[in-house]
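got a predicted structure plus its sequence, pasted below:
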Amino acid sequence: MSENIKRILVSLIGGPVILGSIYLGGVYFFIVVTIISLLCQLEFYNIAEQKNVKIYKYLGLMAGFALLCLYFLNKEEYFLPAILSISLMFFILELFSGRETPMLNMSLSVAGIIYPTLLIGTLYPLRQLNNVRDIPGLNLIIAILAGVWLCDTAAYYIGKNIGKHKLLPRVSPNKTWEGSAAGFIASLTAIASLKYYGFLGDSFTTVDVIMLSLFTGVGGQLGDLFESLIKRDAGVKDSGFLLPGHGGFLDRFDALIFAAPLAYLYIFYADLFIYILY
């Protein structure tokens, strides 16, 4: 079976599942976000192990699930004490483990909980929006996905066909400035169109359109580049093999890992953004 056919089959199966969970929201969307997040975390740990690092893999996955549950329970104020407690647990375990590379063991075990699990988990509270600035959560998630995936598509095809100037060759040799610009324009066009047709509600302003386009069209590309940096450092081509034709879950959702938390911070803490800027 060719890679293109595998890619199409995975999309035909996974696409409706993801879209259906987005539409239903609540526990259904939480389950899908949790599965994606933890599989991304597992792939991150597997990549880290290529550097001969001893990861607390299963404890890390359990800790990641616990943090995702805080999103579900709307208890984000407990993130800091939870992360501090988890970090101390890893530090104490490493103290008595007698294993080599203790600093890398601890830091990468904790890093896997934050990237990607805690970051991509922000999709859940964004979907559950119902009273923050009168922006419907369902529509916002669709806008984020549209911005990210159209950016990715435009960047790939424009970069492949007319791209000449390398964007960051030491990290991803095939990405170009032309493709990157096309990706941002595609993201901006998608979100501006959704705003124009009233899909994002009356309270969604022109500034919001620009900011969300930056998060999906620029932040998403940074997420892609960051994952490429990790893979290149570990000497692997794909993050995993669970999505035939697509690589791994990290390969498929790397852009959302940056775009979603940026949108989350902006929507929930816009006043903080304004304070920092001014």
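Cool, got the structure. Numbers count the residues shown, from 1 in each chain.

give me the pLDDT for the nearest residue to residue 124 once chain neighbours are set aside.
The shortest distance from residue 124 to any residue other than its chain neighbours is 4.7 Å, reached at residue 71 (CB to CB, 6 or more residues apart in numbering). Heads up, the C-betas are built off the backbone N, CA and C, glycines and all. We have a pLDDT of 94 for residue 71.

any residues touching the one helix or strand residue 71 maps to, and which ones?
Secondary structure assigned from DSSP states H and E places residue 71 in helix 57-72. If you take CB atoms under 8 Å, 6 or more residues apart in numbering as the criterion, helix 57-72 is touched by 27, 30, 33-34, 37-38, 41-42, 45, 76, 78-79, 82-83, 86, 89-90, 93, 109-110, 112-113, 117-118, 121-122, 124-125.

one more: stretch 170-179?
154-156, 158-160, 162-168, 224-225, 228-229, 232.

buried ones in it?
171-172, 175-176, 178-179 (16 or more other CB atoms under 10 Å).

closest one to residue 146 out of those, please.
Distances from residue 146 to those, taken as CB to CB, are shortest for residue 179 (18.3 Å).

measure residue 76 to residue 127 for me?
14 Å (CB to CB, to the nearest Å).

neighbour-wise, which of the two wins?
residue 127 (24 against 16; other CB atoms under 10 Å).

dump stretch 90-109 to CSV, restricted to CA.
Output in CSV follows, covering the C-alpha atoms of stretch 90-109 (Å, rounded to 0.1, in the frame of the first residue of the first chain):
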residue,chain,number,x,y,z
PHE,A,90,11.4,13.2,39.8
PHE,A,91,14.3,15.0,41.7
ILE,A,92,14.0,12.7,44.7
LEU,A,93,13.7,9.5,42.5
GLU,A,94,16.8,10.5,40.6
LEU,A,95,18.7,11.2,43.7
PHE,A,96,18.5,7.5,44.8
SER,A,97,18.4,5.9,41.3
GLY,A,98,22.2,5.8,40.7
ARG,A,99,21.7,6.3,37.0
GLU,A,100,23.9,8.2,34.6
THR,A,101,23.0,11.7,33.2
PRO,A,102,20.8,12.6,36.2
MET,A,103,20.3,16.2,35.0
LEU,A,104,19.1,15.1,31.6
ASN,A,105,16.9,12.4,33.1
MET,A,106,15.1,14.8,35.4
SER,A,107,14.8,17.8,33.0
LEU,A,108,13.5,15.8,30.0
SER,A,109,11.1,13.8,32.1
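
which SS class is residue 241?
Of the three states, residue 241 takes coil according to DSSP: H, G, I helix; E, B strand; the rest coil.
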